[in-house]
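Q: Sequence first, then the predicted structure:
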Amino acid sequence: MTKFYRIFLLIFTLLSLKATAQTIGIGEVISIESKALTFENNRAKIALYKEELINLESLWRDKIQKLKDELSALYKERDNLIADMKVGARCSQCGGWKSDFEKKGENFEKHLGEVKGYAIPATTEELEATRKLFTEKIAMKKVQIQNLEKSDNPVNKKLNDISNLEKANETLCKEISTHSKNYETKVFSEAKGQHDNWVNDLMSYATNILIADDKITIYKARTLRYEQEFQKESEIIKLRVKKENLDAQNEKNAKIVTNQQRIKEIQIEQTNYLSPLESNLNDLKTQKNETEKELIGHTIPDSTKAELTTSLNQLILQITSIENNIFDYNTNVKSKITSLENESKKLKDEVFQLSTNLAKQQALEIAKIKPNYDKKKFEANESVTKSTAELASAKKSYSEKAEFYKKQNLLYVDQVVSESNRMVSAGQKINCPVWNEARFLVMGNWNKVFPCVNSLTTMAKPYSYNVFNSYCPGKSAASYMATYKSFLMGLSEDDKEAVRGNSNVFWFEQITK
């Protein structure tokens, strides 16, 4: 990934976040604002109803008093009419009652004179009918009063409306608090999900750092191990060559001893072989000398002389034969001994060469394996250089990605703060409690999970076995680092030992479980 492309990706992501800047809890915010507006409308209605209540109560009491006055008038009218009916206060001409004329402000007696009538009393049936009529009228009036005081009371209705609105506002306030809690739950859940995704992505970058760092450790260890193996194998070669050299010297020295022993045996055999021959030769020479003396010193018959001459010739032949035999035997013995001595001399020279050339032989044998180890060490050193570059690149990539996610988190926190402020503002206007911990929960979670992965990059190795417990609550090294674990599991035992020796053993065992 080129630097230009990474910058483009960062800018595009930031613009996208800004364009769609809202959290999963925005619905709860909108609900709170909507219900807060309803609450304010209800509160305005309550204030209006309370103002109206003052006039309604006055009108209501006036209506009740009017009906009560009308009821009193019915009682009075009934009593007056019944009294008139009993005393004969009805006009014989028009049938009108005295009380009726009095209501109109007319004089009953004057009326009688004008119409030439007279006063007549009411019958019992008329009295009962009148009583019944007024009883019904009075009952109806009482019902009107009762209805007005109770069921048809506009004040009570208005009070009930106010009570319902106040209860509705209490419910709205509780619902607003619930929405704010739901907002906190949803946003925190969303933030944790985002943080987990970001940390998992960052962990892949951190894993690259760990792997590159381990590669440096591994290749350095290999260089050292190859040198140690070379030295170890060199010592083995030295010991082998030394043993072979000593074995060769011993074999040659043994051969020399054998040759010397053989020479002695040959010489003993020579003595044993020549002694009887030389003794016999000496005897024959003595006989020869004596025979020659006999032939020279005295006058002997020819026959005897012939016999002595024949005997002398036979002695000479025998002596010559024995001397030739001794000469040939000695020549053969000398040849054998010379051969053995020459071989021993050659062997001594070879032993001397072996003893003086031991270091050279060892160096020649070591030289045969050295190129292979030099090649391995060169390749390992080249890999250290390459891994060092990879480590620098991995750290740079991690740093860029970490900075990107930190900015994303700040943008998210800013949005949470903005939405939380909207909820708080809505709640404050209507004095309703609102949960306002979301921003702190989000920041707190990020401040827990980010150092977990970041510590790996700053320390290169989590030398403290509790690094995941302190920085990654609820997380384990293995759950975060499957790729790193796979890398470790693919190492040879020697490479694992190099990594294990460069990190905490407990941590290493936890990772490779």
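A: Arrived safely. Numbers count the residues shown, from 1 in each chain.
Q: For Thr286, grab the count of nearby residues.
A: 11 (other CB atoms under 10 Å). The way it works is simple: take the backbone N, C-alpha and C, and place the C-beta from them, glycine included.
Q: cool, Ala212 as well?
A: Around Ala212 there are 21 residues (other CB under 10 Å).
Q: for it, what are its contacts?
A: Ala212 makes contact with 387-388, 390-391, 394 under the criterion CB atoms under 8 Å, 6 or more residues apart in numbering.
Q: Skip the chain neighbours and tell me the closest residue to it.
A: The shortest distance from Ala212 to any non-neighbouring residue, by CB to CB, 6 or more residues apart in numbering, is to Leu391 (3.8 Å).
Q: If I look at Ala478, what pLDDT would I see?
A: pLDDT, Ala478: 52.
Q: What of the one 10 residues further on?
A: At Leu488, the predicted lDDT confidence score is 87.
Q: Okay, it and Asp214: tell me how far apart.
A: 8 Å (CB to CB, to the nearest Å).
Q: one step back: looks to me like the residue nearest to Ala212 is in a helix.
A: Yes: per DSSP: H, G, I helix; E, B strand; the rest coil, Leu391 lies within a helix segment.
Q: Surely Leu491 is in a strand?
A: No: going by three-state DSSP, the assignment for Leu491 is coil, not a strand.
Q: mind checking which helix or strand the closest residue to it other than its chain neighbours is in?
A: Counting by CB to CB, 6+ apart, Leu491 lies nearest to Val499, which is 6.9 Å off, once chain neighbours are set aside. Using DSSP states H and E, Val499 sits within helix 493-501.
Q: thinking the residue nearest to Leu491 is in contact with Gly490, fair?
A: No: Val499 is beyond contact range of Gly490, at 11.6 Å (criterion: CB atoms under 8 Å).
Q: Centre of the chain to the helix or strand hosting Lys137, how far?
A: Here Lys137, judged by DSSP H and E, is contained in helix 124-149. Mean C-alpha position of helix 124-149 versus that of the full chain (CA atoms, centre = their mean, to the nearest Å) differs by 91 Å.
Q: Just the buried positions in that helix, please.
A: 130, 134, 141, 144-145, 148-149 (16 or more other CB atoms under 10 Å).
Q: same check, this time on stretch 74-88
A: 74, 78, 80-82, 84-85.
Q: Which one of those is nearest to Leu224?
A: Lowest distance from Leu224 to those (CB to CB) belongs to Leu74, with 124.1 Å.
Q: Next up, identify which helix or strand that closest one is on.
A: helix 26-87.
Q: That helix - contacts with which helices or strands?
A: helix 98-103, helix 124-149, helix 154-297, helix 358-429 (3 or more CB pairs under 8 Å, 6 or more residues apart in numbering; DSSP states H and E).
Q: which of the ones you listed sits most buried?
A: With neighbours taken as mean count of other CB atoms under 10 Å, these reach their highest mean count in helix 98-103, at a mean of 18.
Q: quick one: average pLDDT of the next helix-or-strand element following that helix?
A: Downstream of helix 98-103, the next assigned helix or strand under DSSP H and E is helix 108-115. On average, the pLDDT along helix 108-115 is 81.
Q: May I ask which two of the contacts of Ala212 are separated the most?
A: Farthest pair in the contacts of Ala212, by CB to CB: Thr388 and Ala394, 10.7 Å.
Q: mean confidence score for the helix holding Leu74?
A: Per-residue scores along helix 26-87 average to 86.
Q: Make residue 1 into 45 and carry on from there
A: Okay, residue one is now 45; in that scheme the one you just asked about reads as helix 70-131.
Q: starting at the chain centroid, how far to the helix or strand following that helix?
A: Next helix or strand after helix 70-131 toward the C-terminus (DSSP H and E): strand 134-135. Mean-position distance between strand 134-135 and its chain equals 114 Å (CA atoms, centre = their mean).
Q: what packs against strand 134-135?
A: Using 3+ CB pairs under 8 Å, 6+ apart, strand 134-135 sits against helix 152-159, strand 163-164.
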